[in-house]
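Student: curious how this folds, go ahead:
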Amino acid sequence: GEDLSINDKDILHAFAYKIKSHLTEANFNMLQFAFPSANVPSLKKAKSRVAFLSGLEPQYHDCCINSCCCFVGLNEDLEVCPHCSAPRYQSNRRPQKQFTYVPVIPCLISMFRNPALATKMRYHAHDHIHTPGSVNDVFDGLWYRQLRATNVVINNTEMPFPHFSDPRDIALGLSMDGFAPFQRRKST
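Tutor: Numbers count the residues shown, from 1 in each chain. As a prediction, the model looks like this:
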């Protein structure tokens, strides 16, 4: 953070404020008038600069307006949803709906480059104490505990170490709030 310009720091502070306070785009764009000496750009320009500074590039994928599928892989060249027959594009050839994907590996690399975050990410190895019969953390869960007691297998060869034995190992969780796996389901 020491090599960032004052202007970049102003943009990052303003963007962090927008995220933490749930500011609308219109309210964010008014910041430049409230704080003219801070050089706060429009939200569009701020997002672009934050993306550049972070090195993270989101990928955009067309998906069905009804969230039936994403038009990638076998569906990449389809013009209509293979499940509900909804058109992929509006009349102006813009996608009906898009899914924003941020690749996880660059995010993890970025987190490990920050010494404070890297230390926090290793807390499971140094600070977490499992109390048998009690679940107070994801690291107390049954699957995690079973993996910790099982050696890693690579290409049918058992390694001489268990899962998560290195403090730098990462356990990824998946949360699918709002994901409805069945077509007729109205809520999750």
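Student: where does H83 fall, phi/psi-wise?
Tutor: Torsion angles at H83 (phi, psi; degrees, to the nearest 10) stand at phi -100, psi -40.
Student: nearest residue to it other than its sequence neighbours?
Tutor: Nearest non-adjacent residue to H83, counting by C-beta to C-beta, 6 or more residues apart in numbering: C68, 4.0 Å away. Where you see a C-beta, it was placed from the backbone N, CA and C, and this is true even at glycine.
Student: quickly note the distance from the spatially most central residue of the chain to H83.
Tutor: Using C-alpha atoms, centre = their mean, the residue of the chain that lies closest to the mean C-alpha position is V102, 5.7 Å off. Here the distance between V102 and H83 works out to 26 Å (C-beta to C-beta, to the nearest Å).
Student: what's next to the helix or strand bottoming out on mean pLDDT in the chain, contact-wise?
Tutor: Least confident helix or strand, the chain: helix 123-126 with a mean of 82, by mean pLDDT, DSSP states H and E. Residues outside helix 123-126 that contact it (C-beta atoms under 8 Å, 6 or more residues apart in numbering) are 139, 164, 166-167, 169, 171.
Student: now tell me what touches the longest helix seen in the chain from outside.
Tutor: For the chain, the helix that runs over the most residues, judged by DSSP state H, is helix 6-21. Here helix 6-21 makes contact (C-beta under 8 Å, 6+ apart) with 1, 4, 23, 28, 31, 38-41, 43, 46-47, 49-50, 53.
Student: can you select the buried ones among these for me in PyMOL?
Tutor: Remark: buried members of the contacts of helix 6-21, expressed as a PyMOL selection using 16 or more other C-beta atoms under 10 Å:
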select buried, resi 23+28+31+40+41+43+46+47+49+50
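Student: just the contacts of helix 6-21 now: which is nearest Q98?
Tutor: Each of these was scored against Q98 by C-beta to C-beta, and K47 proved nearest at 15.4 Å.
Student: quick check: the gap between the closest one and L142.
Tutor: For K47, the distance to L142 equals 40 Å [C-beta to C-beta].
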